[in-house]
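>>> Sequence and computational prediction follow.
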Amino acid sequence: MYFDYGREVIKQEIRALEQVAELIDAQFDKAVEAVLDCSGNVIICGVGKPWFIAQKISATFASTGTLSFPLHPADALHGDVGRVRKNDVVILLSNSGKSSEIVSLVSVLKQFEAALIAITGDKNSPLAKASDIVLNLGKIAEACPLGLAPSASSTALLALGDALALAVLKARNFSKEDYARFHPAGALGRKLMRVKDAMRPLEKTPIVSPDAKISDALFLITRLRAGAAYIIDEADKLVGIFTDGDLRRNLATQSDLLEKSIADFITRNPRVIAPDAFISEALKIMKKHRIDELPVVNKRGELLGHLDVQDLLDLGLALE
C-alpha cells in the first residue's frame, strides 16, 4: 500500500536528521558566534530546492531578531551581490557543495570579505574549502526511490538552519516581549500583547460612585455597550464591580432594585489585572473564573480601564 511507502519516506528523513544531529560539532559553535558577532545582515543563499530552504531559514532569523535576507546566487551574480557588505555573514546551502552558481558566487564573495558559512554534505567540496566555517550534513541518502530528488537532504538543510537560528535566539535571551514585537499580527503575537494595548480606556468604561443608583449604572452600561459597571471611590481606586450576574441575582427579590444604591449589590475585591500584563494572562484569568469583564488597575489600585471578552474575541483570541 502507498501508506507503507509514505511511512518509509518519513523514516528515511528521520534517519537523515539523526545523522546530522550526531555530526554537529565545534564548527556549530563558531557559526553561532559568527552570527552573534555580525553587525550587518545574515544572508542565506541556495540554488534549486536549497533556495526555498534558504528563504525559510532567513525568515526564521529575521522573525527572531537577526537582520537577514535571502539572496539567490543567479541574481547575486547579475548585480545583487552589491547588497553584501564586509560586516555581513553569508550562509551558503548546497548538499553537494559543487553547484556551479554557488561556487562562482563564493569566489566573488571573497572579494567582499564577508564571513562565509557553508552547510553542505561534502566537507571536501569546493564550497567547504572556500568557506570560513563548515557545517557538515554528511552523505545523505535521499528518500526518493530514484535516489535523486532532494528530499532527506533538503529536510536536513532546513533542520540544521533552524538549529543555528534558534541557538542564536537562545544565546541572545530573546524574550516573549521581543517575539511579540516581531509578530504583532499573528495569534501568538496577539497573545503576547500587553493588556494596556487591548483594554478599553476610562472614557469607554462605565464608572459610578458607591452612592450611585443601579439605574445610573445600567444607563452607562447600555450607552457604552459594556457588560459591567465599575465602582470607584474619591481617590479613583476600584471599590467593586456590578455585573449582569449581580443584576439577575437580585432582580427577582428586589422590586425597587433600580432605585437602590449600587454599593449594596456590588462584587467587592473583584479579579483585576495590571496594564503591563500579557493578554495571555488575562485570558487564563477570565476562563478560570468564568468572567467576561476584567478591570485594569495600577499598583495603587486606581482603575485605568477594562478588558471585555468580546474585544478579545474580535482579535481572534479565544479563552485558553
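Yep, that arrived.

>>> pLDDT score assigned to the closest residue to residue 62 other than its chain neighbours?
Nearest residue to residue 62 in three dimensions, chain neighbours excluded: residue 68, at 4.7 Å (CB to CB, 6 or more residues apart in numbering). In short, each C-beta sits where N, CA and C put it, glycine included. In this model, residue 68 is scored at 96, pLDDT.

>>> Look up the residues forming beta bridges with residue 68.
residue 42 (DSSP bridges).

>>> Where does the prediction get shaky in the stretch 201-320 of the chain?
Scanning the stretch 201-320 of the chain for pLDDT under 70 picks out 318-320.

>>> Outline the domain layout of the protein.
By the record's domain assignment, the chain is partitioned as 2-174, 191-314 (automatic domain parsing).

>>> now the helices: where do they sit in the chain?
2-23, 26-37, 49-63, 73-76, 100-112, 126-130, 152-171, 176-182, 187-191, 214-223, 244-251, 279-288, 309-314 (DSSP state H).

>>> I'd like those helices as JSON lines, with distance to residue 84 appended.
Shown next, in JSON lines, are the helices of the chain (distance: least, CB to CB, whole Å):
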{"stretch": "helix 2-23", "distance to residue 84": "27"}
{"stretch": "helix 26-37", "distance to residue 84": "15"}
{"stretch": "helix 49-63", "distance to residue 84": "14"}
{"stretch": "helix 73-76", "distance to residue 84": "8"}
{"stretch": "helix 100-112", "distance to residue 84": "5"}
{"stretch": "helix 126-130", "distance to residue 84": "15"}
{"stretch": "helix 152-171", "distance to residue 84": "19"}
{"stretch": "helix 176-182", "distance to residue 84": "24"}
{"stretch": "helix 187-191", "distance to residue 84": "31"}
{"stretch": "helix 214-223", "distance to residue 84": "60"}
{"stretch": "helix 244-251", "distance to residue 84": "62"}
{"stretch": "helix 279-288", "distance to residue 84": "40"}
{"stretch": "helix 309-314", "distance to residue 84": "44"}
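
>>> Of all those, which one is nearest residue 258?
Closest approach to residue 258 among those (CB to CB): helix 214-223, 4.2 Å.

>>> Right, I'll call it a day here.
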